[in-house]
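Visitor: Only the shape, not the letters, is given here:
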């Protein structure tokens, strides 16, 4: 049964990425709503040892996708709040796998500094280009994604295996997707390759790899 959801995910993803490559704003929403549901379906049939935090993270990500279909800064903010909830769930999920005394802080602390620096640089590029009431919440949201990445890295440092490595790669792709989204929506120069194609490719792969990595760890 899991292969059915994988085939559906690949099918919806190919169609969605094709319309993203073509920058077809009218057709992208017809497939966007299905992407996270396919990943969630894959997770639910692949294991019986369900992790409520992962299910909550996927559901709030799906809700964020749906809300971002709407036009305007209000829908963008609502989608961001939903994705913020997803990142909180991911952080709690990873934190449960981390043995903090075993963390190699000589790696984790510099990595956290890099994430903070990149997050600050992205928002510095967008200064004066975003609505003022949104600037601080946008910074905090991207910082939440960076925090999720650091916890995924700590999970990898505590338990260096294929599953934790796959989950961390997914977290990095999710972060790249959000950085690309910010730059595409608010930066005055088109510096994101094929705009929504890059955003959605990294996002879909990110969410799937996080899910796959956690499944691998569960086994």
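Guide: Done, it's in. Here the structure is a predicted model, which is why all the values come from computation and not from measurement.
Visitor: confidence score at residue 37?
Guide: Note on residue 37: pLDDT of 97.
Visitor: nope, residue 26 is what I was after
Guide: So residue 26 comes in at 88 (pLDDT).
Visitor: Geometric centre of this structure: which residue is closest?
Guide: Nearest to the mean C-alpha position of the chain, by Cα atoms, centre = their mean, lies residue 174 at 3.3 Å.
Visitor: residue boundaries of the helices in this protein?
Guide: For the chain, the helices defined by DSSP state H occupy 2-21, 29-46, 52-69, 73-95, 105-125, 132-158, 162-186, 196-218.
Visitor: In contact with residue 40: list those residues for me.
Guide: 55, 58, 59, 62 (Cβ atoms under 8 Å, 6 or more residues apart in numbering). The way it works is simple: take the backbone N, C-alpha and C, and place the C-beta from them, glycine included.
Visitor: That one and residue 120: what is the separation?
Guide: Separation of residue 40 from residue 120 (Cβ to Cβ, to the nearest Å): 33 Å.
Visitor: List the backbone torsions phi and psi for residue 72.
Guide: Per-residue torsions, residue 72: phi 110, psi 160 (degrees, to the nearest 10).
Visitor: Let me fix that, I meant to ask about residue 28.
Guide: Torsion angles, degrees, to the nearest 10, at residue 28: phi -60, psi -40.
Visitor: From residue 64, how far out is the residue nearest to it when sequence neighbours are not counted?
Guide: Once flanking residues are discounted, residue 28 sits nearest to residue 19: 4.8 Å by Cβ to Cβ, 6 or more residues apart in numbering. Between residue 19 and residue 64 the computed distance is 19 Å (Cβ to Cβ).
Visitor: residues near the residue lying closest to residue 182 once chain neighbours are set aside, how many?
Guide: Setting aside the residues directly before and after it, residue 182 is nearest to residue 122 in space (Cβ to Cβ, 6+ apart), at 5.8 Å. Close neighbours of residue 122, defined as other Cβ atoms under 10 Å, add up to 19.
Visitor: All good on my end, thank you.
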